[in-house]
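S.K.: quick one: sequence and predicted model below, then my questions.
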Amino acid sequence: PVVEPVRLPPESIPPEHQAGWLVLDGDVPEFTRRVPLVEAIKSREAQISRVYVNARRNEALVAMAVPLLDRVGQVQGVVAGEISLREVQRIVSDVVVGRVGHAYLIDESGHAIAHPRFDAVIAGESLAGNGIVERAVLSPEPETVEFEGKDGVPQLGAHAPVYWGGWTLIVQQPAADAFRPVTEMAQRAAYILVVALIASLALGALYVRSLVRPLRSVMDGMRRIVDGQFDHRLAASSGDEVGELAT
């Protein structure tokens, strides 16, 4: 450090705030240890650490180092900062996909950075056993993947890299839930088709009946005439071929 940090002494902080988001003396060594100082100096570019957890504040954090370059590109210093992922965790936890789908953020090795189950972040849990996580670690390109979840349920998911290198956002949900609108549409289409078929059959039956009735009347009249009932008259009730035959 160029200068010593100036902080409020712990005894001056009200007890109800000491368990909050404030940085206390005990937090500084962990932050200092996490700063990617050497990487920032060597690369001359901003670097970000792996995610670590402050148990007292119950939040995930990253340390960032930004080199300060002079006019000829030489590193004159490094500005280091600690960034809370509390807001990232809140946003990811609020994402709801379908009925039971969810989103989460992983690092380049498949460990949870932000997850609806915050205990997975606290424990630094590896999600590498998940089919889409394995794909995301191997392939940084955005893609949609069908895979089988740990419970054997088919899943549909998508992954894409985010701004900081190595971080990937994943969204997944059960395939049945994802395809539910299509399934319901197909069911409605099948229902409409059955109704239309029944209606067509009913209309067809009425049409055939309208043809058969006058034909039967003509055939009955022809039999009477054959039997010698020459006074029988056929009623030509229609103007089609059947009516013409009756005439």
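M.R.: Arrived safely, thanks for sending.
S.K.: any low-confidence regions in this structure?
M.R.: Counting by pLDDT under 70, the chain has low-confidence residues at 1, 6, 18-21, 164-165, 178-180, 182-184, 236-238.
S.K.: mind listing the helices for it?
M.R.: 15-18, 27-34, 37-43, 86-94, 118-122, 131-138, 175-178, 180-226, 241-246 (DSSP state H).
S.K.: excluding sequence neighbours, find me the nearest residue to Leu127.
M.R.: Val133 (4.6 Å; C-beta to C-beta, 6 or more residues apart in numbering). For the C-beta atoms, the positions are set from N, CA and C on the backbone; glycine is no exception.
S.K.: tell me, how many neighbours does that neighbour end up with?
M.R.: Other residues within reach of Val133, judged by other C-beta atoms under 10 Å, total 24.
S.K.: now it: how far from Val3?
M.R.: 43 Å (C-beta to C-beta, to the nearest Å).
S.K.: wait, doesn't the residue nearest to Leu127 sit right on Ile170?
M.R.: Yes: using C-beta atoms under 8 Å, Val133 makes contact with Ile170 at a distance of 6.7 Å.
S.K.: mutual contacts of the two, please.
M.R.: Common neighbours of Val133 and Ile170 (criterion: C-beta atoms under 8 Å, 6 or more residues apart in numbering): Ile106.
S.K.: for the residue nearest to Leu127, what are its contacts?
M.R.: Neighbour list for Val133: 106, 110, 127, 170 [criterion: C-beta under 8 Å, 6+ apart].
S.K.: for those residues, pick the one with the most neighbours.
M.R.: Neighbour max across the contacts of Val133 (other C-beta under 10 Å) = Ile106, 26 neighbours.
S.K.: do you know how far the residue lying closest to Ile225 once chain neighbours are set aside is from Arg224?
M.R.: What sits nearest to Ile225 in space, not counting adjacent residues and going by C-beta to C-beta, 6+ apart, is His232, at 6.3 Å. With distances taken as C-beta to C-beta, His232 is found 4 Å from Arg224.
S.K.: same check, this time on Ile122
M.R.: For Ile122, the distance to Arg224 (C-beta to C-beta) stands at 99 Å.
S.K.: what of Ala196?
M.R.: 43 Å.
S.K.: so between these two, which is more surrounded?
M.R.: Between Ala196 and Arg224, counted using other C-beta under 10 Å, the more crowded position is Arg224 (15 against 10).
S.K.: I figured the more buried one hits Leu234, correct?
M.R.: No: contact between Arg224 and Leu234 fails when scored by C-beta under 8 Å: they sit 9.3 Å apart.
S.K.: ok so, going back, from the contacts of Val133, which two are the most distant?
M.R.: The span of the contacts of Val133, defined through C-beta to C-beta, is set by Gly110 and Ile170 at 10.0 Å.
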